[in-house]
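S.K.: build me a structure from this.
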Amino acid sequence: MKQSGGHETGVRLSASSLNDALEVAPVDPTGPRFKIEDIYPRVDGGQYPVKRIAGEIVDVWADIFREGHDVMAAAIAWRAENGGDWRSEPMTLHSNDRWHGSFKPPQPGSYLYRIEAWTDRFATWRKEFKLKLDAGQNVSLDVREGYELVAELSPGNRASMMFAEAAKRFTDKGDAAGVMDDALMAAMASAQRPDLSRSHALPLTVDRERARSGAWYEMVPRSQSPVAGQHGTFDDCIARVPEIAALGFDVLYLTPIHPIGRINRKGKNNAVTSKPGDPGSFYAIGNEHGGHDAVHPELGT
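M.R.: Okay, the predicted model is just below:
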């Protein structure tokens, strides 16, 4: 694109952007034939992961459309983020161009999901065949076209044999039920998809159920000793766990357990200066025993 004066203003695709475009429409170098928009759920356009709970259904919605009147099909593809095969769950047209589907991640972890759309050429053939059949037109040629289409999309597949048998019954007896059978449609589910288009993959974090809600108890480990004035240990903390659980708390978390700084150490009751024996603030981390990757020695191991 050029502005007046001949200055070029067109946007140039980087190599990474071009590769991404080819991944979205792997067999169509001109770009995706389908528009896949307004995907739900996603956070900030997919910059951050959606969060759900393991074992619960993840509902996915998207606007999917293309030019023409051919029958479309769509699915949700999903897998663990660290690899593995993509699994697929079908999507159905809800209304207008809005499609819906769902999947159920079995366990906590990081996942990816995306929308796939393609032209269902056999369903398109079947729709047109039915229109002609209902109108009382001669459909002999259409049956032949259907057979050639199935042989092209599913060579050697069970669907090819099913359609061949149905086509013979139609030729011999005029029985069209076989070529309209739902079992044949199901057998065509794995047919080739020449114009398959994909959305960008979106991140999903799946948590255990406790991540949804829970009562949290904050514990100061050094204050858990049953002996007044004595520094608490991890064993003292462990001894209190049944009591805290009985109070109805679900999550136990600790204030810092790291070595406490000695320079400018505060005294009791937030006094600016400390006296000998004052333990200091556990938020002031770091002394000769270590920093954030060490444990305060008086707590134990």
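
S.K.: next up, the contacts around residue 247.
M.R.: Taking Cβ atoms under 8 Å, 6 or more residues apart in numbering, we find residue 247 in contact with residue 217. Heads up, the C-betas are built off the backbone N, CA and C, glycines and all.

S.K.: what pLDDT is listed against it?
M.R.: Note for residue 247: predicted pLDDT of 96.

S.K.: so after the longest strand anywhere in the chain, what's the next helix or strand?
M.R.: The strand that spans the most residues within the chain, counting by DSSP state E, is strand 109-119. Using DSSP states H and E, the helix or strand that follows strand 109-119 in sequence is helix 121-134.

S.K.: so which bits of that following helix are buried?
M.R.: Of all the residues in helix 121-134, those buried under the rule 16 or more other Cβ atoms under 10 Å are 121-122, 124-126, 128-129.

S.K.: report all helices and strands that that helix contacts.
M.R.: helix 140-153, helix 182-187 (3 or more Cβ pairs under 8 Å, 6 or more residues apart in numbering; DSSP states H and E).

S.K.: quick one: contacts of that helix?
M.R.: By Cβ under 8 Å, 6+ apart, helix 121-134 touches 70-71, 73, 139, 142-143, 145-146, 149-150, 153, 176, 179-180, 185, 188, 191.

S.K.: ok so, going back, ok, which of the helices and strands packed on helix 121-134 comes nearest residue 111?
M.R.: Closest to residue 111 of the helices and strands packed on helix 121-134 is helix 182-187 (Cβ to Cβ; 27.3 Å).

S.K.: show me what contacts the closest residue to residue 280 other than its chain neighbours?
M.R.: Nearest residue to residue 280, sequence neighbours excluded (Cβ to Cβ, 6 or more residues apart in numbering): residue 265, at 4.0 Å. Counting by Cβ under 8 Å, 6+ apart, residue 265 makes contact with 274, 278, 280-281, 284.

S.K.: quick one: low-confidence parts of this protein?
M.R.: Within the chain, the stretches with pLDDT under 70 are 1-32.

S.K.: what packs against the longest helix anywhere in it?
M.R.: When the chain is scanned for its longest helix (criterion: DSSP state H), the result is helix 158-173. With contacts taken as 3+ Cβ pairs under 8 Å, 6+ apart, helix 158-173 sits against helix 140-153, helix 182-187.

S.K.: and residue 159, which of these is closest to it?
M.R.: Ranking those by proximity to residue 159 (Cβ to Cβ) places helix 182-187 first, at 3.8 Å.

S.K.: give the other helices and strands that the closest one contacts.
M.R.: Packed next to helix 182-187, using 3+ Cβ pairs under 8 Å, 6+ apart, are helix 121-134, helix 158-173.

S.K.: can you pull the buried residues of the last one?
M.R.: Of all the residues in helix 158-173, those buried under the rule 16+ other Cβ under 10 Å are 159-160, 162-163, 166-167, 170.

S.K.: same deal with stretch 254-272?
M.R.: For stretch 254-272, the neighbour count (16+ other Cβ under 10 Å) marks 256-261, 265-266 as buried.

S.K.: rewinding a little: ok, the longest strand of the chain: who's next to it in the sheet?
M.R.: Paired with strand 109-119 in the same sheet, following DSSP bridges, are strand 72-80 (antiparallel), strand 197-198 (antiparallel), strand 202-207 (antiparallel).
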